[in-house]
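K.L.:
A predicted structure for the sequence below; I have some questions about it.
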Amino acid sequence: MIRTQIAVIGGGPAGLRAADAAARAGAKVLLIDNSDHLGGQLIKQTHMFFGSQEQFAGTRGIDIAAKLVRDLHSRENVDVMLDATALGIYEDGVLTVEQNDKVYKVNSERIIVATGASERMLAFPNNDLPGVYGAGAVQTLMNVHGIKPGNSVLMIGAGNIGLIVSYQLLQAGVKVEAIVEASPTIGGYLVHASKIRRAGVPIYTRHTIKEALGVNAVEGAVICQLNNQWQPIEGTERTLGVDVICLAVGLSPLCDLLWQAGCEMKYIPELGGYVAIRDEESLQTSRQQIYIAGDVAGVEEASSAMVEGQIAGLSAAANLGLSTSELNNELKNARSQLSALRAGPVGEKIRAGLAAAERGATVNA
Amino acid sequence: MRIERHPILNFQKGPRVSFTFDGQEIVGYEGEPIAAALHAAGVKTLKHSAELHRPRGFFCAIGTCSSCLMIVNGVPNVRVCVEKLQAGMRVETQEGNGDIR
C-alpha cells in the first residue's frame, strides 16, 4: 500500500497546478499520469496563450508546460508516477493504479481528479474511415511527433481549436482546403480567424460535412450549406479533394473515474456533458474525499484549468488542516482570478453551466 | 510525410530502427509511437472493425479512443498511438477484437 495525503490524477495544467499548490501547503502529494510525460495536452500547444499575466498570457503552451513541470520538480514532498493508469476509487477510499502491468493500492486522504477531456465525434457517413482525425490528434501527430497528417485537410469547426490547429497545419506545410462551421458565425477569437483568412483559407459558416468519400481511407469530402433550421440545403453540395478530415467539434469531460467512484453526476451541456456536482468554492464533489479540477469539471480553457487546479489543491490541503493566512489569501485571490476569466459575454455559457453544477442546485423536482 | 522544417519546433528523434508491418520492413525512429512511424510511411489502416470489417486508423492519438488497436509482437489490442517503437518489432493489422490467449 502506497500512503500519501493528496493524490492527484492527471498531470495536465490542472493536475500540475493542484499538485504544486497542495505541496506548497505542506501535504505529501502523489501525482499520477497515464502518459509518459507531464504537461498533458500543453505539450502540443505551439501558440501563445491569452488571458492575464497570472496564466502566462503571451507564452506558448509548450513553454508553460515546461515551467509548470520545473515548479513541481522543485518541491520535495511530491512523488510522480508516469505511465500509470488510475483504475478505481473504492468505498473505503482506496485508489488502485496500474503501472507496468502491476496494480498498486494507494491510500490517500484526499484525491483530486484532473483527468481532462476527450474529443467529440460527429455523425456523417464514412466518419470511421482512416483519415478522419480529432483536431487534438492532428496536433499531437505534427507538433509532438513531427509527422504530417496528410496533404490537404478539411477542418470541421471554427471554434478556437479548429482555427488554431488550421494555422498550425499551415505552419507544418499542410494545405488546409477549407474550414466549415455549422453556426452562422465563427466561434473562435477573431485574431485567430483573421490569420487563417489572410493565409487564403476559406471559412464557410452555416456549412457542414455531408459525407466522407473513400474506400480504405479518406479521398474526399462532400460539404453543403445549412438553412436556418440547421438542415442541409439541397443542391449546395460541393466535393473537396482532401485526404484528411479534422474534427474540432468540442470536447467531453473524461469522467469515467468519477462515475465509478459514485460521485453525484449531472448532464450539463454548457460544460460539455456529464460532470460531477461540486461545491464551486472548493471544487469538492459529493464524495468528501474527492475534488475535481480542469476540463473534467467542465470543458474550458487551459488558463482556467490551471486556476481550478490551484483552488482544488489549496482547498484539499486546507481540508486536511494545512492552511495559513497566506494560503487562504492565495485561495481567495485564485477564486477572483477565475471569476475574471469567466466574465463578460464569452463566459456566459460557462457561468450558466457552473450554476447548474453547484452542489445543492440539483434539489428540485 | 515527415515535417522537414518548422517555424517553431525542432523534433528530437531517437536512432533509426527497422520493424515489420504485416511482414513488410519499415524504418522509423526508436521511441516514437508505432502509429506515428506507420503514418510517416503512408500506412493509415491499422485494424478492421469486428462486425463490418471496416478499415480503422487512429482517431485520438493519446491512448483514449481504442481506434488504433494492433497486434504487436503477437500481443493483440496494443494502442499503437502511445506504444513506443523498438527495433525489430513485429506489427500486424488486427482483425476485429483480437485473439486474447
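P.N.:
Structure's in. What do you need? Note that the coordinates shown come from a computational prediction; the quantities given were computed from them, not determined experimentally.
K.L.:
got a pLDDT number for residue 81?
P.N.:
In the absence of a named chain, chain A is used. pLDDT recorded at A:Met81 is 98.
K.L.:
meant chain B, my bad for not saying
P.N.:
Looking at B:Cys81, its pLDDT is 96.
K.L.:
List the contacts of it.
P.N.:
B:Cys81 makes contacts with A:Ala137, B:Pro33, B:Ile34, B:Ala35, B:Ala36, B:Phe58, B:Cys60, B:Ala61, B:Ile62, B:Gly63, B:Cys68, as judged by Cβ atoms under 8 Å, 6 or more residues apart in numbering or on different chains. For the C-beta atoms, the positions are set from N, CA and C on the backbone; glycine is no exception.
K.L.:
repeat that with 10 Å
P.N.:
A:137, A:140-141, A:145, B:33-36, B:38-39, B:46, B:57-70 (Cβ atoms under 10 Å, 6 or more residues apart in numbering or on different chains).
K.L.:
which of those are buried?
P.N.:
Buried subset of those (neighbour count, 16 or more other Cβ atoms under 10 Å in any protein chain shown): A:137, A:140-141, A:145, B:33-36, B:38-39, B:46, B:57-65, B:67-70.
K.L.:
Just the closest residue of chain B to chain A, please.
P.N.:
In chain B, the residue that lies nearest chain A is B:Gly57 (2.8 Å; Cβ to the nearest Cβ).
K.L.:
surely that residue meets B:Cys68?
P.N.:
Yes - if you go by Cβ atoms under 10 Å, B:Gly57 and B:Cys68 touch, sitting 7.0 Å apart.
K.L.:
who touches both of the two?
P.N.:
In contact with both B:Gly57 and B:Cys68: A:Pro130, A:Ala137, B:Ala35, B:Leu38, B:Leu46, B:Lys47, B:Cys81, using Cβ under 10 Å, 6+ apart.
K.L.:
Between all of those residues, which two are separated the most?
P.N.:
In the shared contacts of B:Gly57 and B:Cys68, two members sit farther apart than any others by Cβ to Cβ. They are A:Ala137 and B:Lys47, at 16.0 Å.
K.L.:
so what's the nearest residue to A:Ala182 once chain neighbours are set aside bridging to?
P.N.:
Once flanking residues are discounted, A:Ala182 sits nearest to A:Thr208: 4.9 Å by Cβ to Cβ, 6 or more residues apart in numbering or on different chains. A:Thr208 has these beta-bridge partners by DSSP bridges: A:Cys224.
K.L.:
Name all residues that make contact with A:Thr208.
P.N.:
A:122, A:124, A:156-157, A:180-182, A:223-226, A:230-232, A:249.
K.L.:
ok so, going back, strands - which of the buried ones among the contacts of B:Cys81 land there?
P.N.:
B:Leu69, B:Met70 (DSSP state E).
K.L.:
can you tell me which of the buried ones among the contacts of B:Cys81 are in helices?
P.N.:
Counted as lying in helices by DSSP state H, out of the buried ones among the contacts of B:Cys81, are A:Ala137, B:Ile34, B:Ala35, B:Ala36, B:Leu38, B:His39.
K.L.:
These into JSON lines, with extra columns for distance to A:Ala19 and pLDDT?
P.N.:
As requested, these are exported to JSON lines (distance: Cβ to Cβ, whole Å; pLDDT from 0 to 100):
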{"residue": "A:Ala137", "distance to A:Ala19": "27", "pLDDT": "96"}
{"residue": "B:Ile34", "distance to A:Ala19": "30", "pLDDT": "98"}
{"residue": "B:Ala35", "distance to A:Ala19": "30", "pLDDT": "97"}
{"residue": "B:Ala36", "distance to A:Ala19": "29", "pLDDT": "97"}
{"residue": "B:Leu38", "distance to A:Ala19": "35", "pLDDT": "98"}
{"residue": "B:His39", "distance to A:Ala19": "33", "pLDDT": "97"}
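K.L.:
so which of those comes closest to A:Glu348?
P.N.:
A:Ala137 (29.8 Å).
K.L.:
right, and the closest one touches A:Ile245 too?
P.N.:
No - using Cβ under 10 Å, A:Ala137 makes no contact with A:Ile245, being 11.6 Å away.
K.L.:
Quickly list what's touching both of these two.
P.N.:
Counting by Cβ under 10 Å, 6+ apart, the contacts common to A:Ala137 and A:Ile245 are A:Pro149.
K.L.:
For the most centrally placed residue in chain B, give me its contacts.
P.N.:
With distances taken as Cα atoms, centre = their mean, B:Ala35 lies nearest the centre of chain B, 2.6 Å away. Contacts here follow Cβ under 10 Å, 6+ apart; on that basis B:Ala35 touches A:137, A:140-141, A:145, A:147, B:43-44, B:46, B:57-58, B:61, B:67-68, B:70, B:79-83, B:85, B:91.
K.L.:
mind listing the helices for chain A?
P.N.:
With DSSP H as the criterion, chain A has helices at A:13-24, A:61-73, A:135-139, A:160-171, A:190-198, A:256-261, A:302-319, A:325-341, A:348-357.
K.L.:
Mind giving me the ChimeraX select for the contacts of A:Thr208, buried ones only?
P.N.:
Applying 16+ other Cβ under 10 Å to these leaves a buried subset, and the ChimeraX line that selects it is:
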select /A:122,124,156,157,180,181,182,223,224,225,226,249
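K.L.:
Before we move on, what's the pLDDT of A:Gly360?
P.N.:
Looking at A:Gly360, its pLDDT stands at 76.
K.L.:
That one touches A:Glu281, doesn't it?
P.N.:
No - between A:Gly360 and A:Glu281 there is no contact under Cβ under 10 Å: 11.9 Å.
K.L.:
which one of those two has more residues nearby?
P.N.:
Just comparing A:Gly360 and A:Glu281: by other Cβ atoms under 10 Å in any protein chain shown the higher neighbour count belongs to A:Glu281, 13 against 7.
K.L.:
The more buried one and chain B, how far apart?
P.N.:
Distance, A:Glu281 to chain B, using Cβ to the nearest Cβ, to the nearest Å: 31 Å.
K.L.:
what's that residue in contact with, if anything?
P.N.:
By Cβ under 10 Å, 6+ apart, the neighbours of A:Glu281 are A:Ile311, A:Ser315, A:Leu331, A:Lys332, A:Arg335, A:Glu358, A:Arg359.
K.L.:
The third one contacts A:Arg24, correct?
P.N.:
Same thing as A:Leu331. No - applying Cβ under 10 Å, one finds A:Leu331 not in contact with A:Arg24, separated by 11.6 Å.
K.L.:
Now do the shared contacts for the two.
P.N.:
When Cβ under 10 Å, 6+ apart defines a contact, the residues bordering A:Leu331 and A:Arg24 alike are A:Gln310, A:Gly313, A:Leu314, A:Ala317.
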